[in-house]
Each structure stands twice: as C-alpha cells, then as structure tokens.
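> Quick check, what structure comes out for this input:
(2 chains)
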Amino acid sequence: NAGVTQTPKFQVLKTGQSMTLQCAQDMNHEYMSWYRQDPGMGLRLIHYSVGAGITDQGEVPNGYNVSRSTTEDFPLRLLSAAPSQTSVYFCASSPLQGGETQYFGPGTRLLVL
Amino acid sequence: SQQGEEDPQALSIQEGENATMNCSYKTSINNLQWYRQNSGRGLVHLILIRSNEREKHSGRLRVTLDTSKKSSSLLITASRAADTASYFCATGPQGAQKLVFGQGTRLTINP
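Predicted coordinates:
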C-alpha cells in the first residue's frame, strides 16, 4: 500500500491564482482530513470528510473548498490564493472516526507571492 | 484556539538520557495521542491512550494521562540521535470528528 499520497510536493502561486492540492489514500479509509501547519505551530484542521459525499468545516476553512466524490480522493481547492495561505498542507486519513489514529501524507509546501 | 499546549517548546539532551514532554488540554476527551514529525516530513502516529487509561507503554515510549488535571506526559527512555524530531500531542474531543493538535516540542538529541 502507498498509504496517503499528496501532490504536488511544492508549489509557488501568485496572489489571486487558484489551484487544487491532491490527496489520495489506498487504505479504504472513510475519514479524511486536511490540515495546515505554519512555522512553530501545530496543525490546524481546514476541512474533513467522514465518507464519500460528506464534508464539513474545521477550524480554519475560509478560502478553501473540498469535495469527496470517492472514498480514495479528497482534493483541497484554493479559490483565490493569498499570502496568508503560505503554509505546509497535510492530508490524513483514518479507518475509524476522526478522533482516532490518523495516517498522514508527506505534505505539500505552498508559497503564495 | 488549539486545545493542546505542550511544554517545553524545545528540549535538548544527550544521547542515552531520558526525554519528558508534557501536554495539557482544556475539554473532555475520548483519547490523547502522540505523533512524531521529522524535519520536512509528515506526522507519524506513536501511541494512543484512552480517557479511561492512566499509563501506556510502547517500546521506549511511556505515556501517562491524568484526566483530573487534563494533562499527559510522554517519556522517551534511552534516547537516540534518531529520536531528534518534533513531538505533538493531539486530543480527540468527545463528540467531535477531529483531532486537536498542540504546538509541539522540538527534541534534539546530541551525540
């Protein structure tokens, strides 16, 4: 199993551009989530999904959209990038509920100029 | 705001010594977890302790949980250079489909 994969690994955007961060898992996990990590800080939850067709907002959802059309994929869309969205983004999945053990991808480092 | 607060923010010890990190949280939880993050990498799950447990071991790791004080500690015994990483506590709040992470402790093991 590849586990949780994320693409791209690194991306540079200009303010106002849009893009989609890809996340996929091959473990048949129902729960998936997106976090952002800023320097010297822990992870903050952006959006999560408890199954295909179901998504909900986390702690910092503004400026981001998600959808979950399949169990495997959970893309994160930046609608109009802002410098404040410069961060490292992690996708995670869990075979149980969201409050249980999560398995993380390697991250996408995003720089917004 | 983040629920977990970790102490210390940074810890530097000699190889072979024990490392202790602490985590405090604010609300009722189902469980508390510890994760490790090596520089530039994703988080790796280390250990989970449930709210009705007081202590748990996994190899060189020992985790304690005191729900009356809303606090937990992670002890790494006989530290190795490979233990150099950031360590995060995360709580699974009751009734919530999420984990809430602390800010982490940056551990450096000096050879």
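> ok, residue A:23 touching residue A:91?
Yes - applying CB atoms under 8 Å as the test, residue A:23 and residue A:91 come out as touching, 3.5 Å apart. Where you see a C-beta, it was placed from the backbone N, CA and C, and this is true even at glycine.
> Overlap of the contact sets of those two?
In the contact map built from CB atoms under 8 Å, 6 or more residues apart in numbering or on different chains, the residues linked to both residue A:23 and residue A:91 are A:4, A:6, A:32, A:34, A:74, A:76, A:105.
> near chain B, which of these show up?
With the criterion set as CB under 8 Å from any CB of the partner chain, the members of these near chain B are A:4, A:105.
> follow-up on the earlier one: neighbour count winner among residue A:23 and residue A:91?
Higher neighbour count among residue A:23 and residue A:91: residue A:91, with 28 against 25, using other CB atoms under 10 Å in any protein chain shown.
> Skipping adjacent residues, who's closest to the residue in chain A that chain B sits nearest to in space?
Taking CB to the nearest CB as the measure, the point where chain A comes nearest chain B is residue A:99, at 2.9 Å. Here the nearest residue to residue A:99 in space, its sequence neighbours aside, is residue B:92; by CB to CB, 6 or more residues apart in numbering or on different chains that works out to 2.9 Å.
> Could you tell me how far the one you found is located from residue A:101?
When distances are taken as CB to CB, to the nearest Å, residue B:92 and residue A:101 turn out to be 9 Å apart.
> Pretty sure residue B:10 sits against residue B:87.
No - counting by CB under 8 Å, residue B:10 does not reach residue B:87; the two are 10.9 Å apart.
> Mind listing the shared neighbours of these two?
Contact criterion CB under 8 Å, 6+ apart; residues bridging residue B:10 and residue B:87 by contacting each: B:105, B:107.
> For these two, indicate the residue with more neighbours.
For the pair residue B:10 and residue B:87, the greater number of neighbours falls to residue B:87 (23 against 10), based on other CB under 10 Å.
> Kindly confirm my reading that that one is in a strand.
Yes - Residue B:87: assigned to a strand according to DSSP: H, G, I helix; E, B strand; the rest coil.
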